[in-house]
Structure formats: structure tokens, C-alpha cells
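Participant: The sequence and its predicted three-dimensional model are supplied below.
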Amino acid sequence: MVKFLLFSDFHYDKNRYPLTVGDLEKVLKRGYDEKVDFVLQCGDFCVDAVRSPEIFKALLQNKYNLPVYGVCGNHDLEIMGNSMEFLVPLLTNSKVEKPFPDASYYYVDIKGIRLICLDTNFSFDPVAKVWEHTLPGHTMGKAGNTNLACLCPEEFDWLKNTLDDAKEKGLKAILVSHHALSGCFNFNCGCAPEIKELLENYINTAVMCINGDLHAEYFAFINYVAYYSITSTRYLDANTKMETAYPDSLTYEYTDYDMQGNIIGKYQKPFNSLQQKHKYYTEEPMSAIVTINDDGVVNIKGCSVNWVAGITPSNRDLQHPHYPYITDRDFKLYY
């Protein structure tokens with residue numbers, strides 16, 4: 001049996017979003033209380049990484065000594081300075097297997113499970129005829145690029161070789177990415193069809209794919225593979241104008257830090273001072289506890305929280321309807 005804590009799209013930026021180090025510590029404490037084997041985060045963890053050492057300290061040097069594995073999301077590169085050279089060492093606090101030292105994708109074997117963490121932030125430049133990674137200061141490939149949110153060809157080949165090795169060793173593989181690999185959710189990795197076709201060669205080996213990105217919860221079984229999209233931690237971007245504004249009296253606990261991650265101030269700050277004050281948020285952070293039993297039976301223990309100030313999106317005409325809960329689920333993988 002393997003058990004892990006799962007969360008995604010934390011979007012830490014203390015001047016743009018209300019999420020705090022305290023929110024992360026609540027998430028991690030849940031994992032500790034549940035005696036998980038590790039923590040898995042599915043990208044968009046921190047928007048302003050270069051100026052946020054406190055959040056990575058809280059995650060990677062967590063007081064519970066939990067192993068952490070993560071993937072790069074598109075918003076992890078949104079701010080200039082968030083280069084992959086800076087971010088890659090912050091994806092995990094544990095020993096992993098990489099094709100080369102500074103690779104942004106890797107795998108680790110845990111209790112018969114091969115966790116394959118992918119980087120879906122490549123796109124193709126049709127003019128230069130090269131694959132390139134999303135650049136610092138961007139959230140997607142540059143204008144004119146095709147094959148957005150993809151694996152590059154080298155990563156795709158590495159994935160195939162990694163699955164071959166898992167199959168030979170009798171391991172069960174779980175693919176983890178920021179963008180969805182299913183091809184049937186509302187936004188997917190650009191090479192999702194090719195990945196799905198590849199996985200047909202690894203039935204009984206590649207058993208599950210997990211992603212974030214959508215700020216919404218989805219689940220599907222396709223060709224013997226379970227695809228699960230976990231919603232965001234607190235920030236549920238409805239991509240629509242709020243029908244009710246947050247009251248001016250609403251505040252949240254703001255903590256300021258120096259560049260070493262030390263606290264230099266703590267006080268109540270107006271919620272409407274946030275740059276992203278026109279978005280919907282939950283009062284408490286959301287996460288899931290995922291248990292995979294030796295016979296392939298999966299239990300997902302979700303949670304239910306409240307909206308900040310009770311202000312609820314109507315979910316009318318939304319690409320991704322948002323709800324303040326993660327659903328409890330039980331299903332069996334194809335073992």
C-alpha cells in the first residue's frame with residue numbers, strides 16, 4: 001500500500017493572492033496526521049519564486065520530514081527571474097532518477113509504484129524549427145509557437161524508456177503532470193493523443209495519470225487508465241466577473257518575509273488590496289489523501305470547505321465549474 005497527500009495550484013504570491021505559508025502548513029499537517037508516504041504537488045505552486053523563499057522552505061524543509069515531489073506548472077514561470085535553472089532544484093527534496101542532472105522531469109520508485117513526474121511546458125517554434133521550453137515571464141509558448149503545453153521529443157522518448165523499464169520490473173506507473181493528459185478534459189497537454197496512444201502499449205503498467213492546472217475536479221477511465229484532475233488549493237479562478245464584490249471590511253492575515261524567508265511583520269491586510277481581488281477563493285485549503293492498495297483499489301479522501309465571505313460563483317457558462325470541495329472516490333486500477 002502507498003498513501004500520499006495530493007494538492008495543486010497553490011499560486012503563492014503574497015501580494016496577489018491570499019494564500020499563506022499557514023495554508024501550506026495546514027495541508028502538510030493533514031498529510032502527517034494521515035501518515036502519508038510522501039507529498040505530491042501538481043504545479044503552479046508559487047508565482048513569484050525568486051522572492052518567496054519562505055514558501056519553499058515550508059514545503060521542502062517541512063517540519064514533518066515528508067518527502068515532496070512536484071512538477072512545473074505554467075504559472076511557475078510567470079514572473080521574470082523564475083528560470084528553470086532556479087525552479088528545478090525546488091521541485092523535490094528527495095533523491096530521484098533523471099536523464100541528466102538539470103532535467104525538469106524525473107521518476108522515483110516507491111513501494112512498487114513508479115511515480116513519473118513530467119514537464120508539459122514545451123512548445124514548437126515553426127520558424128526556427130526547434131522545441132523550446134516556456135520562457136521566464138510567460139505562461140505559455142511564445143506567440144506563433146505550435147504544439148503548446150507538450151512534452152519535447154527527448155522527454156517523450158525518455159517517458160517510453162522509463163515505462164519500458166517499469167514494465168520489465170513489474171512496477172505500476174503513475175504519470176504526474178500539470179496539464180491534463182486525458183484528451184477529454186477542457187484543456188489538455190498538446191500531445192495528449194500521442195501519450196494516450198503510447199500508454200496503450202503499457203496496459204497493466206501505466207495505470208493512472210494525475211494533473212492540476214484546471215482549478216476544477218475531473219475523473220475519467222480511458223483505455224484501462226484512470227485520469228484524475230485535482231482542483232486548486234484555494235484559488236478557484238472562474239474566469240468571469242464577480243457578481244458580488246468582497247466587502248471592504250474583509251481582511252486576511254498578511255505575513256511579510258525577508259529574502260532569507262524570515263518573518264519581518266505580521267498584520268491584518270484588506271482583502272481588496274490584493275491584485276487578484278476579483279477572483280473566488282475558499283476559506284481553507286483543499287487537498288486529497290490518495291491511498292493505493294496492493295490490489296489496485298484506490299481511495300481518494302477529499303474535503304469540503306466554505307467560500308470566502310460566502311461569495312459563490314454562479315458557474316454559469318464556465319469552461320471549468322468550480323466547487324469548494326474535493327470528492328471522495330473509490331475505484332480500482334487495472335492491475
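Facilitator: That came through, no problem.
Participant: Can you find the helix or strand of the chain with the lowest average pLDDT?
Facilitator: Between all helices and strands in the chain, the lowest mean by mean pLDDT, DSSP states H and E belongs to strand 235-236, at a mean of 92.
Participant: which secondary structure elements does that one contact?
Facilitator: The contact analysis (3 or more C-beta pairs under 8 Å, 6 or more residues apart in numbering; DSSP states H and E) places strand 235-236 against strand 280-281. Every C-beta, even on glycine, is put in place using the N, C-alpha and C of the backbone.
Participant: Check which strands are paired with the strand it packs on and give the direction for each one.
Facilitator: Applying DSSP bridges to the sheet, strand 280-281 is found paired with strand 235-236 (antiparallel).
Participant: Name the residues that touch the strand it pairs with?
Facilitator: 9, 11, 17, 19, 215-216, 276, 279-282, 313, 322, 324 (C-beta atoms under 8 Å, 6 or more residues apart in numbering).
Participant: change it to 10 Å
Facilitator: Applying C-beta atoms under 10 Å, 6 or more residues apart in numbering, the contact partners of strand 235-236 are 9-12, 16-19, 44, 215-216, 276, 279-282, 286, 307, 313, 320-324.
Participant: Sort out for me which of these are in helices.
Facilitator: Per DSSP state H, helices hold no members of these.
Participant: quick revisit: relative to the whole chain's centre, how far out is the least confident helix or strand of the chain?
Facilitator: Chain-centre distance of strand 235-236: 13 Å, with C-alpha atoms, centre = their mean, to the nearest Å.
Participant: Ok, stretch 308-324 next?
Facilitator: Mean-position distance between stretch 308-324 and its chain equals 20 Å (C-alpha atoms, centre = their mean).
Participant: the longest helix in this protein is where?
Facilitator: helix 153-169.
Participant: how about the CA coordinates for that one, as CSV?
Facilitator: Output of helix 153-169 as CSV, limited to C-alpha atoms (Å, rounded to 0.1, in the frame of the first residue of the first chain):
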residue,chain,number,x,y,z
PRO,A,153,10.6,14.8,-28.2
GLU,A,154,13.5,14.0,-25.9
GLU,A,155,11.2,13.8,-22.9
PHE,A,156,8.7,11.7,-24.8
ASP,A,157,11.4,9.2,-25.7
TRP,A,158,12.6,9.2,-22.1
LEU,A,159,9.0,8.5,-20.9
LYS,A,160,8.8,5.5,-23.3
ASN,A,161,12.1,4.2,-21.9
THR,A,162,11.0,4.8,-18.4
LEU,A,163,7.8,2.9,-19.0
ASP,A,164,9.7,0.0,-20.6
ASP,A,165,11.9,-0.3,-17.6
ALA,A,166,8.9,-0.2,-15.2
LYS,A,167,7.2,-2.9,-17.2
GLU,A,168,10.3,-5.1,-17.1
LYS,A,169,10.5,-4.6,-13.3
